[in-house]
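> Using only what follows, build the 3D model:
(chains A and B)
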Amino acid sequence: SAVISQKPSRDICQRGTSLTIQCQVDSQVTMMFWYRQQPGQSLTLIATANQGSEATYESGFVIDKFPISRPNLTFSTLTVSNMSPEDSSIYLCSVASGEGTQYFGPGTRLLVL
Amino acid sequence: DAKTTQPPSMDCAEGRAANLPCNHSTISGNEYVYWYRQIHSQGPQYIIHGLKNNETNEMASLIITEDRKSSTLILPHATLRDTAVYYCIVRAPNRDDKIIFGKGTRLHILP
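Residues are numbered from 1 along each chain as shown, chains lettered A, B, ... in the order given. Presented below is the predicted three-dimensional model:
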């Protein structure tokens, strides 16, 4: 199994600002995924982050709003740009394992005022 | 990915077996059934997966019907710590494939 950490664990931000969330894995992985979980809702996939190439975004999510970096096989960042209160969510990263399963980080709880 | 249908919520008494159903009538031949759970304020946790045979691990058992159109996740002796949202997901086991989550079943374990 993979051990995943995220920073920060939580933050309170002002509208119009940006926050960068870091995801660190204890082993090299090909694919990393970023999800959003709005209050009381299920997880929604934002994008798939590939090392050495641009991230692939799901419908409804754009790079200008959620830029992603993947500089190596153990690390990725997600930036939530020009935040509004509607961006208040839990943001989670995950990695694919060799069995078709995924392991998830603990999440970053974001509140935008 | 094939779609799944789960009851929105269930209750189970502590110490009893919790049986969580999932319908996946459009599952295709190469797709597996995966179960994850999300305890409050934590990231989702993988529980178990299977293709057509029943599976058991230290966390749970997975019973898949012969026609593979439905399955049941069994927590044999539920504890209060099993209170969580349980997600049934059907997908092919490509290691790099994304997971699309449905709404899941909110399981309440009652003392």
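
> And the pLDDT for whichever residue of chain A sits closest to chain B?
Chain B sits closest to A:Gly100 of chain A, with a gap of 2.9 Å, by CB to the nearest CB. Where C-beta positions appear, they are placed from N, C-alpha and C, glycine not excepted. Here the pLDDT value assigned to A:Gly100 is 75.

> tell me the contacts of the most centrally placed residue in chain A?
By CA atoms, centre = their mean, chain A has its centre lying nearest to A:Trp34, at 3.5 Å. By CB atoms under 8 Å, 6 or more residues apart in numbering or on different chains, the residues touching A:Trp34 are A:Cys23, A:Leu45, A:Ile46, A:Ala47, A:Ala49, A:Phe66, A:Ile68, A:Ser76, A:Leu78, A:Tyr91, A:Leu92, A:Cys93.

> Can I get those residues in TSV including secondary structure and pLDDT?
Listed next are the contacts of A:Trp34 as TSV, based on DSSP: H, G, I helix; E, B strand; the rest coil; pLDDT from 0 to 100:
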residue	secondary structure	pLDDT
A:Cys23	strand	97
A:Leu45	strand	95
A:Ile46	strand	97
A:Ala47	strand	96
A:Ala49	strand	92
A:Phe66	coil	98
A:Ile68	strand	96
A:Ser76	strand	96
A:Leu78	strand	98
A:Tyr91	strand	98
A:Leu92	strand	97
A:Cys93	strand	97
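
> Near chain B, list only the ones from those residues.
Contacts with chain B within the contacts of A:Trp34, counted by CB under 8 Å from any CB of the partner chain: A:Leu45, A:Leu92.

> just for the chain, where's the confidence low?
All of this refers to chain A. Within chain A, the stretches with pLDDT under 70 are A:98.

> Please refer instead to chain B.
B:1-2, B:95-96.

> Quick one: name the residues of it near chain A.
B:32, B:34, B:38, B:41-46, B:49, B:85, B:87, B:91-104.

> returning to that earlier point: if I look at the closest residue to the residue of chain A closest to chain B other than its chain neighbours, how far off is B:His49?
Counting by CB to CB, 6 or more residues apart in numbering or on different chains, B:Pro93 is the residue found nearest to A:Gly100 once chain neighbours are left out, at 2.9 Å. From B:Pro93 over to B:His49 the distance is 8 Å, taken as CB to CB, to the nearest Å.

> try A:Ser9
A:Ser9 sits 29 Å away from B:His49, taking CB to CB as the criterion.

> same question, B:Glu66
According to CB to CB, B:Glu66 and B:His49 sit 18 Å apart.

> In terms of neighbours, single out the busier of the two.
B:His49 (20 against 6; other CB atoms under 10 Å in any protein chain shown).

> what sits against the residue nearest the centre of chain B?
With distances taken as CA atoms, centre = their mean, B:Trp35 lies nearest the centre of chain B, 3.5 Å away. Counting by CB under 8 Å, 6+ apart, B:Trp35 touches B:20, B:22, B:46-49, B:60, B:62, B:73, B:86-89.

> Adding secondary structure, write these out as a markdown table.
Putting the contacts of B:Trp35 into a markdown table (DSSP: H, G, I helix; E, B strand; the rest coil) gives the following:
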| residue | secondary structure |
| --- | --- |
| B:Leu20 | strand |
| B:Cys22 | strand |
| B:Tyr46 | strand |
| B:Ile47 | strand |
| B:Ile48 | strand |
| B:His49 | strand |
| B:Ala60 | coil |
| B:Leu62 | strand |
| B:Leu73 | strand |
| B:Tyr86 | strand |
| B:Tyr87 | strand |
| B:Cys88 | strand |
| B:Ile89 | strand |
